[in-house]
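S.K.: My questions concern the predicted model and sequence given below.
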Amino acid sequence: MTIQKGALLALRILTTIAIVGAIYFGFAIWKTMKGPTFGGNFTLTYRGQNWIFSDAPKKLNMLYFGYTKCPDVCPVSLSNAGSAFRMLNDGELKDVRFIFLSVDQSHDKPDEVADYATNFFPTFIGLSGSKEQIDRTIGLFPASYMLEENPKSYLGYSISHTDRIFFLDSDGLVIDSITGSKEGAESIYKKIKEHL
Amino acid sequence: MRTMILFATAILAFAGTASAECDLKTKVEFSDPRIFAPLKGTNATGGFAKIKNNCTEELELAFKSAEGFKAVESHVTVEESGRMAMKKTDSFKIKPGETLELVPGGKHLMFFDPQTEIKEGSEVKLTFTFNKKELSVPFKVIPRIKK
């Protein structure tokens, strides 16, 4: 009787281990097939004040990296996004926000970034931060930037950067992305509608 | 033989004269020259146009000045390692009969630090050099944002 009980217990333990193992490996395989997850919570500054993504996330959040003295791809991307926002109705606008993060920590002042973003749509949020905050944030995403010295140019430098608008869920995780300057406002609008 | 050499020399001399006399005002054609009105929060803006070379010689175009701005430069936007980058260039070359397209996301003009208010609907006079000869062209100031 005792031997039978012991065997039953061992069987139960083995079965439990097998089930847990199967779930673990199944999850690992699913994660591998799904690909890496990008995004997450981040802290930056808005007009010099702390700004945390998770404080007031929307159902859909859009994020773009650039700098205010970039006269080409950034304003084209932001104009396209602004035009897409103008196609949304009031109810849809309550559920979506657009964040512009300046990666030009050395030259862009917080108020300039905030003002610059609102040129394109009144609710666009222009953020800056310390170099550590900016680098940590950009490190969460499949994005990068590089400052290049150019003493022959008027500015003395230029910044190359990823030209993508990232679509984030309320946890800040990337659910989609689009090329900001190449895709028109209509394509951005369709993506917003798809994820709202 | 001597006659042939003289004839060839005459043709070359004529070609040289015709080339030197290319009238920039009538032979260089600007289409839709425009500058985006500067936005708040930035000291830079962009300018675009199509420039056709109707001369019989290749033209090297460089920018000298833009009325109302502290500096003007020619740039090219390129993609490098998945990032968009802007490269300053000293000039653009336009072959005879060809058109240089200055467009967002490609070759374009950059203007820095407006010295006066650059109002939408106004014009900014740009001075170019084509093969070191000057030509001034008005660029229309248009809104960046389509509302």
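M.R.: Sure, I can see it. Numbering: from 1, shown residues only, chains lettered A, B, ... in the order given.

S.K.: Pull the distance from the helix or strand containing residue B:48 to the chain's centre.
M.R.: Per DSSP states H and E: residue B:48 is located in strand B:44-53. Relative to its parent chain, strand B:44-53 has a centroid offset of 6 Å by Cα atoms, centre = their mean, to the nearest Å.

S.K.: which element follows it toward the C-terminus?
M.R.: strand B:59-66.

S.K.: Quick check: neighbours of that following strand in the sheet, parallel or antiparallel?
M.R.: strand B:92-94 (antiparallel), strand B:123-130 (antiparallel) (DSSP bridges).

S.K.: could those go into TSV alongside mean pLDDT, distance to residue B:25 and mean neighbour count?
M.R.: Quick note: C-beta positions are derived from backbone N, CA and C, even for glycine. Formatted as TSV, those follow (pLDDT from 0 to 100; distance: least, Cβ to Cβ, whole Å; neighbours: other Cβ atoms under 10 Å in any protein chain shown):
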stretch	mean pLDDT	distance to residue B:25	mean neighbour count
strand B:92-94	96	16	16
strand B:123-130	96	11	19
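
S.K.: As JSON lines, those strands with distance to residue A:22 would be great.
M.R.: Output for the strands paired with strand B:59-66, formatted as JSON lines (distance: least, Cβ to Cβ, whole Å):
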{"stretch": "strand B:92-94", "distance to residue A:22": "64"}
{"stretch": "strand B:123-130", "distance to residue A:22": "70"}
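
S.K.: All the strands of the chain, residue numbers only.
M.R.: Picking chain A for this. Using DSSP state E, the strands of chain A run over residues A:43-46, A:49-52, A:60-66, A:96-102, A:125-127, A:145-149, A:157-161, A:164-168, A:174-179.

S.K.: Sorry, I should have been clearer: chain B.
M.R.: Going by DSSP E, chain B shows strands at B:28-36, B:44-53, B:59-66, B:69-80, B:83-89, B:92-94, B:99-102, B:107-114, B:123-130, B:133-142.

S.K.: what's the closest of those strands to residue A:104?
M.R.: Counting by Cβ to Cβ, residue A:104 lies closest to strand B:44-53 out of the strands of chain B; the figure is 11.5 Å.

S.K.: what angle sits between the closest one and strand B:69-80?
M.R.: Taking axes from the mean of the first three to the mean of the last three Cα atoms, to 10 degrees, one finds strand B:44-53 and strand B:69-80 inclined to each other by 80 degrees.

S.K.: What residues does chain B have near chain A?
M.R.: Residues of chain B lying near chain A by Cβ under 8 Å from any Cβ of the partner chain: B:36, B:39-46, B:70-71, B:73, B:75, B:77, B:80-88, B:104-105, B:108, B:110-112, B:144-147.

S.K.: contacting residues for residue A:184?
M.R.: Residues in contact with residue A:184 (Cβ atoms under 8 Å, 6 or more residues apart in numbering or on different chains) are residue A:80.

S.K.: What's the separation between it and residue A:123?
M.R.: Between residue A:184 and residue A:123 the distance is 21 Å, computed by Cβ to Cβ, to the nearest Å.

S.K.: same deal with residue B:89?
M.R.: Where residue A:123 is concerned, residue B:89 sits at a distance of 37 Å (Cβ to Cβ).

S.K.: Got phi/psi on the closest residue to residue A:156 other than its chain neighbours?
M.R.: Excluding the flanking residues, the one nearest residue A:156 by Cβ to Cβ, 6 or more residues apart in numbering or on different chains is residue A:150, at 6.4 Å. Backbone torsions for residue A:150, taken as degrees, to the nearest 10, come to phi -140, psi 80.

S.K.: Can you give me the distance of the closest residue to residue B:83 other than its chain neighbours to residue A:93?
M.R.: Of all residues not flanking residue B:83 in the chain, residue A:160 sits nearest, at 4.0 Å (Cβ to Cβ, 6+ apart). According to Cβ to Cβ, residue A:160 and residue A:93 sit 32 Å apart.
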